Structure formats: structure tokens, C-alpha cells
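*Asks:* Would you be able to build a 3D model of this:
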Amino acid sequence: MEDSRKINVLVLGNSGVGKSTLIKAVSGTEIQTGTGEGNTQKIDVYESNTWPLRFIDTKGFEYKKLEQIKTIFQIKKFTKEQVELSKNSESQNTGIDVVWYCIEGTSRRFFADNIKMMNTAIRGWKNIPVFAVITKSYSESDIEDNISAVESAFSKIKNINLQKIVPVVAQEYEIDEEKSVLPKGIDELCSLTLECSDEAVKISSENQKRMILEQKRIVANLSIGGAATAGVLVGAAPISFADSLILVPLETALIKSIFKTYGIDFSGELISAVIGSAAITNVAKASVSALKTIPNIAGNVLNAVVAGFFVGAIGEAVAALCEAIYLEKIEKDEIDRIIDFVAEKIKDNSMLSFAVRYIQKNSEKLVGKSAKEIFKTIDKAVKKEKDSI
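*Replies:* Below you'll find the predicted structure:
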């Protein structure tokens, strides 16, 4: 890890568990704290002068459903802002690297539902290291029971990368005039956090790249859906789209749009090579040929339906190509490799093959319907099948 790189620690937990007190103890920053109820109403960021740590202090989880939703939304909004910042900045200090999930040691109540809330809030940051921090661990005799209770609660929730459970006292607690509990566990918690820092930063970077790609895919899918629908209208021409150039303008516009969405420079040569590839054209011809024996449905209707799904398949293949280029798995000037990649993706496209099978199996139900109606029916069936997987 670079010396200038600080570990971004997201501090979560129920209101009043002592998140702000913990951050104050580590960072030395004066933070408004209280007892019983939390004081943080928005996300604040604090840096430690002692440790290479940056703390992201959040509004505490409440027991009211609406307040829970507000807190989760707040964290997801912060996540989106961090991802956007990582796209537009050379700074390496964006994102969330580690989670400290604070649980009050004096409450003796640990709920799996609370950890579910945490898991929902950080869902975008897959496999992020999590430290369970048992705050207000004043009683030595209760620590072992508290750790067991926390372990039990976490064991009920899958896919949480729990690193360690650390009992902590963030500030001196006076039991009576003669006896008090001194701060403890802070050094251990910070040291353990730094020990996993390299892996945490790697996970954070991978998460940010994935979330950026997911956002780009959402935008690309809107273009693909619109182009596929337009492909149905264009494909209704009395000539087979597989043997003509009628879809070329639509395909060209779609490919350009997807490249722009992913911020990838493209040339006319690249687009022409993709659209004009014999391997890709052969997939289209095979799809149309497979439906020639379907009775009672006009050929131009079948042609239009397959054309729509074929345009969609091209769009999905190019989006996959852009993701491969973005992740540096393919160079954008490797034309032959790109053509093979796109052709293989189209050939294996589940929606295109599903559409052909659906028409073959349900031809009697589709008699008399327009190409647009059949396309919508199959598209709905495809989405239903995806949701069931």
C-alpha cells in the first residue's frame, strides 16, 4: 500500500452504540457524542493523525423501519458518490475499504436482523472485510459471552467477510469513585485493520470497477432494448434481414452508442468489421433458417421477430466486448480477436436461442399475432425465466 493511501473505514451500528466515541478515540477529532441516542444525522468523514485511517461516520440504525431505510439509502448514496469520484479523479482515496460494525456490549442483545441491515447497506461492496466491534466492553466476565453471541448472529447471515470480533472501550468509564475501566482494544482494532489493508484496497478497487461497469451496463441495456424494438419494425420488410443490409444503420448506431457509454474510442473500420463479419451473419441466417418450417405464421413476421432479438444479441455482445476492453482483457485494436469474441457471444446469446425455441414450441399460440406482439410475449417470457434462475 502506498504511504499516501489511507484506509477508508465505514463505521456502522445502531444509534447510541458509541460509533462517534470510537472515531473520536482513534482520530482525536472532536465529535458530538451523547448517551442513549445517536447524534450523527448525516455522513461525516474524519481522518486520524496517528493511524493511516479515514472514518466514514453514518447515521445509526434505528428500530423504526423508515429510519432504517433512510440510513441504508444514505450509505448507498455515499457509495454512488464514491464510485463517481473514482471515475473522475486520480485520487486513490475513494471508496470503502473496511467496515467496523459496532455492537454495544452492555445491551446483551444481538440481533441477526441488525446484521442483515448492515449487509443490505454494504451490498455493493462485495467481500469487503468486516470487523465486529463490541463497544462499551466494561465487564471482563461478559466479554466471552458477548463474543459468542456476536459469532452466533453473524453465522446466520451468509456472504459476510468477517475478519475478527474485537471488544473495545473507547473512553474511560467510571464505575464508582474508586474504580474505572480504562480504554482498551483500540490499538488491536487499528492494527488488525491495517494488516488486511492491501487485500482490502484490492477488493475495494475491484468493487468500484464492478459497480462502474454495472452502471454502464444499465445505460447500455436501455440502448439495446430500444434498438431491439426498432429492429422488429425494420425486420418486417419483405426481404430477409440475414441476406440484406437493412439492419446496418440501426446496428451501427447501436454499436457507436454502446462504445460511447463505456468511454471507448472506436473507428469506422472496427464497426464495419463487426457488422460485416461472415461469422456473425451466419448466426443470423441459422436463426432465420430454423423457423422456415413454422406453419401459419407469415415469413415476414418471423423475420421481424428474429431481427429484433438479433439486434439485441449484437448489443449484448458489444457491451460484453466493451467490458472486456475496460478490464484490459482485450485490446481495442485486436480486430480479428474482437470479431471472434462478438461472434461467439452472439452465437451463445440466450435470448436469441430462447426466442427461436419459444416460437418453435408455441407456434400455435402465436398464430394471428403481429411481430411486435410476438416479440413482447417472448421478451416477457425470457425475463420471467431469468428471474426464476
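*Asks:* Can you give me the buried ones in the longest helix that the chain contains?
*Replies:* Assignment by DSSP state H gives helix 197-234 as the longest helix of the chain. Applying a neighbour-count criterion of 16 or more other C-beta atoms under 10 Å, the buried positions in helix 197-234 are 197, 200-201, 203-204, 207-213, 216-217, 220-221, 223-224, 227-232, 234. Glycine gets a C-beta too; all of them are placed from N, C-alpha and C.
*Asks:* which stretches of this protein have low pLDDT?
*Replies:* Along the chain, the parts satisfying pLDDT under 70 run over 1-4, 30-41, 89-92, 108-111, 293, 386-389.
*Asks:* where along it do the strands fall?
*Replies:* Counting by DSSP state E, the chain has these strands, from start to end: 7-13, 44-47, 53-57, 98-104, 129-135, 161-167, 173-174, 180-181.
*Asks:* correct me, but Val166 touches Gly185?
*Replies:* Yes - using C-beta atoms under 8 Å, Val166 is in contact with Gly185, at 5.5 Å.
*Asks:* so which of the strands of the chain gets nearest Lys384?
*Replies:* strand 161-167 (33.2 Å; C-beta to C-beta).
*Asks:* okay, now Thr106: neighbour count?
*Replies:* Around Thr106 there are 16 other residues, counting by other C-beta atoms under 10 Å.
*Asks:* So the residue nearest to it when sequence neighbours are not counted versus Cys102, what's the distance?
*Replies:* Excluding its sequence neighbours, the residue lying closest to Thr106 (C-beta to C-beta, 6 or more residues apart in numbering) is Lys136, at 4.8 Å. Distance, Lys136 to Cys102, using C-beta to C-beta, to the nearest Å: 9 Å.
*Asks:* so who does Glu323 touch?
*Replies:* Glu323 makes contacts with Leu213, Lys216, Arg217, Tyr262, as judged by C-beta atoms under 8 Å, 6 or more residues apart in numbering.
*Asks:* Looking at those residues, spot the one nearest Val9.
*Replies:* Nearest to Val9 among the contacts of Glu323 is Leu213, at 25.2 Å by C-beta to C-beta.
*Asks:* wait, that closest one sits on Tyr326?
*Replies:* Yes - Leu213 lies in contact with Tyr326 (C-beta under 8 Å); the separation is 6.5 Å.
*Asks:* number of nearby residues for the residue nearest to Thr106?
*Replies:* Around Lys136 there are 23 other residues, counting by other C-beta under 10 Å.
*Asks:* domain ranges for the protein?
*Replies:* If you go by automatic domain parsing, the domain ranges for the chain are 7-195, 212-388.
*Asks:* Can you tell me the closest non-neighbouring residue to Ala25?
*Replies:* Distance criterion C-beta to C-beta, 6+ apart; nearest residue to Ala25, sequence neighbours excluded, is Ala170 at 4.1 Å.
*Asks:* circling back to that earlier point, overlap in contacts, Lys136 and Cys102.
*Replies:* Residues touching both Lys136 and Cys102 (C-beta under 8 Å, 6+ apart) are Val17, Gly18.
*Asks:* quick one on the thing from earlier: nearest to Phe241, of the strands of the chain?
*Replies:* Of all the strands of the chain, strand 161-167 sits nearest to Phe241, with 48.8 Å by C-beta to C-beta.
*Asks:* Count the residues that sit near Ala319.
*Replies:* 25.
*Asks:* how close does it sit to Leu250?
*Replies:* As judged by C-beta to C-beta, Ala319 and Leu250 stand 16 Å apart.
*Asks:* re earlier: counting contacts, what elements does the longest helix of the chain pack onto?
*Replies:* strand 7-13, helix 65-88, strand 129-135, helix 248-261, helix 299-326, helix 371-388 (3 or more C-beta pairs under 8 Å, 6 or more residues apart in numbering; DSSP states H and E).
*Asks:* Is it possible to get CSV of these that adds distance to Lys285?
*Replies:* Output for those, formatted as CSV (distance: least, C-beta to C-beta, whole Å):
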stretch, distance to Lys285
strand 7-13, 53
helix 65-88, 40
strand 129-135, 52
helix 248-261, 15
helix 299-326, 10
helix 371-388, 19
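*Asks:* Let me know which of the ones you listed is the nearest to Ile43.
*Replies:* helix 65-88 (5.2 Å).
*Asks:* In that closest one, which residues are buried?
*Replies:* For helix 65-88, a neighbour-count test (16+ other C-beta under 10 Å) marks Gln68, Thr71, Ile72, Gln74, Ile75, Phe78, Thr79, Gln82, Val83, Ser86 as buried.
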